[in-house]
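Q: I'd like to go over a predicted model; first the sequence, then the structure.
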Amino acid sequence: DSSLKEVATDRGFRIGATLNAQSLRNDPSYWKTVRNEFNAITPENALKMGPLRPARNTYDFTDADAIVDFGRANDMYVRGHTLVWHNQLPNWFQAWEYTDEQLETFLRDHIHTVAGRYRATVDAWDVVNEAVADDGTLRETVWADAMGEKYLDRAFRWASEVTDATLYYNDYGADAVNEKSDSIYTLLSNLLERDVPIDGIGLQCHFLGDRPAPESIAENIRRFQELGLDVQITEMDVAFTAGDAPDDRCQEQAAYYRAIAEACLETGCDTLVQWGVNDANSWLRQFKDFPERYTDDPLLFDDNCDPKPAYHALTDTL
Ligand code: XIL
């Protein structure tokens, strides 16, 4: 039987997984699964500002380099995540009393250094992550506070100065046509009108309880494509929900993975990254914000890295 990576590669599709450096170093079944089954990767945390910046004037690229090197060594497409976000900021950040100008210079230098370092090795960057609040307004962040909406313009411009990677805006809860994706549509249309160098949008696709109609996701993908943007699925997981009968959970999950892969093929979206490798290291094992809505086990491989029905659904579909 062909692996998922083989069937995907054969039809020009990128199937990805998110990696952490520790499992890559310590767990052979983990890295073998990645090497054999995926042709794309994203570092899960290593390229975020907090992990990268132990102090204001220092960088620690150890984990990020290890993951990016692994991707390159195995001929994989590498997504960089993420240059600008309001979460996982460095600890020292809290105590820093900066002026708006200092913050802007700091962000510019950060983007130049990080995107520049991986100029030849990172294929796509999530330049800005989650800039829109759930009510559709610009999220109040340290970046918006100092620069207003223009922080997005600047971030994309700074990135384009040092890399040829394709540049994405990435967000959650905007996978289908809804109020949030409407707001993002307007935001990105305005960026394009201002000639900001943005190439695409990442739909995170964390399905924790809600499973929007695949038709609506396809429609959403299409409208962004019609703006001239590339659309990728960047952080997919499908948690079990209370609505799934316990005996059929894996089948329900597989059916939804299949429907999303079909929406990709139908629209020409050629990249689908799942957020993790196997259930044992999914972020949802720690993140328990909505325990009434879902349980975990959201990925294509189980705790032992054995393929689940969702895996077979994707190999069938692709
Ligand atoms: C998560 C990681 O998976 C966790 O390990 C970390 O503790 C918190 O961040 N949206 C994103 C990702 O864009 O960066 C988040 O990753 C998950 C939600």
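A: That came in fine, so what should we check first? Residues are numbered from 1 along each chain as shown.

Q: how far away is H312 from the ligand?
A: Taking C-beta to the nearest ligand atom, to the nearest Å as the measure, H312 falls 25 Å from the ligand. For the C-beta atoms, the positions are set from N, CA and C on the backbone; glycine is no exception.

Q: burial of that residue, as a residue count?
A: The number of residues packed near H312 is 16, by other C-beta atoms under 10 Å.

Q: disregarding residues adjacent in the polypeptide, which is nearest to it?
A: Nearest residue to H312, sequence neighbours excluded (C-beta to C-beta, 6 or more residues apart in numbering): A254, at 7.0 Å.

Q: ditto for H110
A: For H110, the spatially nearest residue (C-beta to C-beta, 6+ apart) is M49, at 6.7 Å.

Q: how about Y59?
A: In space, Y59 is closest to L52, 5.7 Å off (C-beta to C-beta, 6+ apart).

Q: give me phi/psi at that neighbour?
A: phi -80, psi -20 (degrees, to the nearest 10).

Q: just give the number of residues close to it.
A: There are 22 residues near L52, going by other C-beta under 10 Å.

Q: what values do phi and psi take at the residue nearest to H110?
A: Dihedral angles (degrees, to the nearest 10) for M49: phi -60, psi -40.

Q: residues in contact with it?
A: By C-beta atoms under 8 Å, 6 or more residues apart in numbering, the residues touching M49 are 85, 88-90, 110.

Q: in the stretch 201-318 of the chain, what residue comes closest to the ligand?
A: W283 (3.3 Å; C-beta to the nearest ligand atom).

Q: that residue is in contact with Q88, isn't it?
A: No - using C-beta atoms under 8 Å, W283 is not in contact with Q88; the gap is 11.9 Å.

Q: quick one: pLDDT of the residue nearest to Y59?
A: pLDDT for L52: 98.

Q: what residues does the chain have near the ligand?
A: Residues of the chain lying near the ligand by C-beta under 6 Å from any ligand atom: 44-45, 129, 172, 204, 235, 283.

Q: most neighbours among those residues, please name it.
A: That'd be E235 among the residues of the chain next to the ligand, by other C-beta under 10 Å, with 26 neighbours.
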